[in-house]
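Novice: Sequence and predicted model, in that order:
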Amino acid sequence: MNENDLEWGKIIKTLENEEKYDDLWAMVFQTPPNWSYQIFKTLTKAGYHPPKSDDALWNELNSHPYQETLQLKNTIEHRDGVRCLDFSPDSRFLATGNKDGQVKLIDVKTFQVKAEFQHKNVVECLDFSEDGRFLATGGRDGVINVLDMISCEIIRKMYRKWVLCLEFSPDARFLATGGWGEVVELMDLETFQLIMEIKHRKGVLCLGFSGDGRFLATGGGDGMVKIMDLTTFRMVGEIKHQKGVLCLGFSGDGRFLATGGRDGMVKIMDLESFKLVKQVIHENWVRCMDFSPNSRLMATGDWDNIVKVMDLASFKLIGKLKHENWVKCLRFSPDSRLLAAGGWDRTVRVVDGENFHLVKDIKHQNTVECLNFSQDGRFLATGSEDHKVKILEIVFNAPIATATSDHLKKVQSMMKAKGLTTREIDALKFIETLIWGKLRSDVLIEEVNPAIENKDVIIEVR
């Protein structure tokens, strides 16, 4: 079942606000395992106590070692070290870029190569557009290729100096590129015409769009971060580092922009006031960073072998993860429950995003250059100098939720109750569809992918 964790989070909050704990407890039995766990965790934190008749079950669930585990699904060999990788927005494809210039587009279901093409030098960066139409790649040969995902043909080839970074805007309107040419170029995706240029000295090392597509931030070897408002195409803020800026990122809620550089500093800016609200000192270069999708945490990785995790509500350091060598890449899972980091110690360390306990170490035979989670949260891919991409499936270790026709009838009867708010009605409709989908999935045939429909809600069953 393709589960929408963000939507489920809204449902939990709705029920929490109304303090309908008994209803929430009942839903532990009716939803898929990972959602059952989220509900149970919410109830535990809220201090809820079930009826005495359910004490035994409550104790059993409370003692269960709820945790994700990762199982290796496939290892894909490449001709040279893997420099970058990314999943498509629908999680169907994985694109990889190599040191020998090769780009592969891999079908995640079959692990077969759907398309491949060649740069003349190292592929430094790649990105999918959010609408799934395009894949863009950039390399040390100064070439930017734009691949049409339907035809799998290159429809645009642009020539620049050494390309180090590129990214599509979230609304799929723009493509921003940067590199040793010392200029960020912003292009319109309908016409591929240049809209604006942002100049840096000593090259452009990183760039990124805010989640709502309003801002574009660029970081240069000159230590400057420039923030452009894309509604006016004017610079609205800047951050200064003493040395080159290696990484930057926006929080998912749009409140903060964080930057890290060769000066060992992490700087956090409030995007309403465009003022710095926090600076964190590292002992060496800050090479990578990521915000958790729920905007609660920020993780930074540096060349003193440490991943630091900060709580964004208090700006306090709440976790440190030790590696045996420099940390080069890190990423939170889409549901914020996992944090993965890798680097020169040849290991990807995956930890629980809440208590930072180790979930799994993934071993490579050389430096880990890149990693990423699929947007549906099912897979983690890691790429290394050992010429290998490892694809791991995330399996949730929780009791299997059961749903019966009686459960379905109960939810349907709840929908008829008087005094329900619109949000509660929507939540119950969603849950009704989930239960119906779960009943259908018990007799699922692998060769088909039915869709469970209930009025305005459609859930794909895999």
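Specialist: Structure received. Numbers count the residues shown, from 1 in each chain.
Novice: Distance check, Leu72 against Lys328.
Specialist: 21 Å (C-beta to C-beta, to the nearest Å). Every C-beta, even on glycine, is put in place using the N, C-alpha and C of the backbone.
Novice: Neighbour count: those two, which is higher?
Specialist: Ranked by neighbour count (other C-beta atoms under 10 Å), Leu72 and Lys328 place Lys328 first, with 21 against 11.
Novice: Buried ones in stretch 149-165, by neighbour count?
Specialist: Met149, Ile154, Met158, Arg160, Trp162, Val163, Leu164, Cys165 (16 or more other C-beta atoms under 10 Å).
Novice: Which of those fall in strands?
Specialist: Counting by DSSP state E, the buried residues of stretch 149-165 place Ile154, Met158, Val163, Leu164, Cys165 in strands.
Novice: wait, which of these is closest to Gly97?
Specialist: Set against Gly97, the nearest of those by C-beta to C-beta is Val163 (11.0 Å).
Novice: Identify the bridge partners of Gly220.
Specialist: Val204 (DSSP bridges).
Novice: does it really touch Arg201, like I thought?
Specialist: Yes: between Gly220 and Arg201 there is a contact under C-beta atoms under 8 Å: 6.5 Å.
Novice: Show me which of these two is the more surrounded one.
Specialist: More crowded of Gly220 and Arg201, by other C-beta under 10 Å: Gly220, with 25 against 11.
Novice: any idea of the pLDDT on Arg92?
Specialist: We note a pLDDT of 95 for Arg92 in this prediction.
Novice: ok, the spatially most central residue of the chain to Phe430 distance?
Specialist: Central residue of the chain (C-alpha atoms, centre = their mean): Pro334, 4.3 Å from the mean position. Remark: distance between Pro334 and Phe430 (C-beta to C-beta) = 19 Å.
Novice: rewinding a little: so what sits against both of Gly220 and Arg201?
Specialist: With contacts taken as C-beta atoms under 8 Å, 6 or more residues apart in numbering, Gly220 and Arg201 have Glu182 as neighbours in common.
Novice: Could you list every helix and strand in contact with the helix or strand Lys104 falls within?
Specialist: Secondary structure assigned from DSSP states H and E places Lys104 in strand 102-107. Applying 3 or more C-beta pairs under 8 Å, 6 or more residues apart in numbering; DSSP states H and E, we find strand 102-107 packed against strand 93-98, strand 113-118, strand 123-128.
Novice: Redo the ones you listed as CSV? Include distance to Lys410 and mean neighbour count.
Specialist: Formatted as CSV, the helices and strands packed on strand 102-107 follow (distance: least, C-beta to C-beta, whole Å; neighbours: other C-beta atoms under 10 Å):
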stretch, distance to Lys410, mean neighbour count
strand 93-98, 40, 25
strand 113-118, 45, 15
strand 123-128, 42, 23
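Novice: Can I get the ones you listed in JSON lines including distance to Leu338?
Specialist: JSON lines is the format used below for the helices and strands packed on strand 102-107 (distance: least, C-beta to C-beta, whole Å):
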{"stretch": "strand 93-98", "distance to Leu338": "18"}
{"stretch": "strand 113-118", "distance to Leu338": "27"}
{"stretch": "strand 123-128", "distance to Leu338": "21"}
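Novice: Of all those, which one is nearest His407?
Specialist: strand 93-98 (36.5 Å).
Novice: Within its sheet, name the partner strands of that closest one and how each one runs.
Specialist: With DSSP bridges as the test, strand 93-98 pairs up with strand 82-87 (antiparallel), strand 102-107 (antiparallel).
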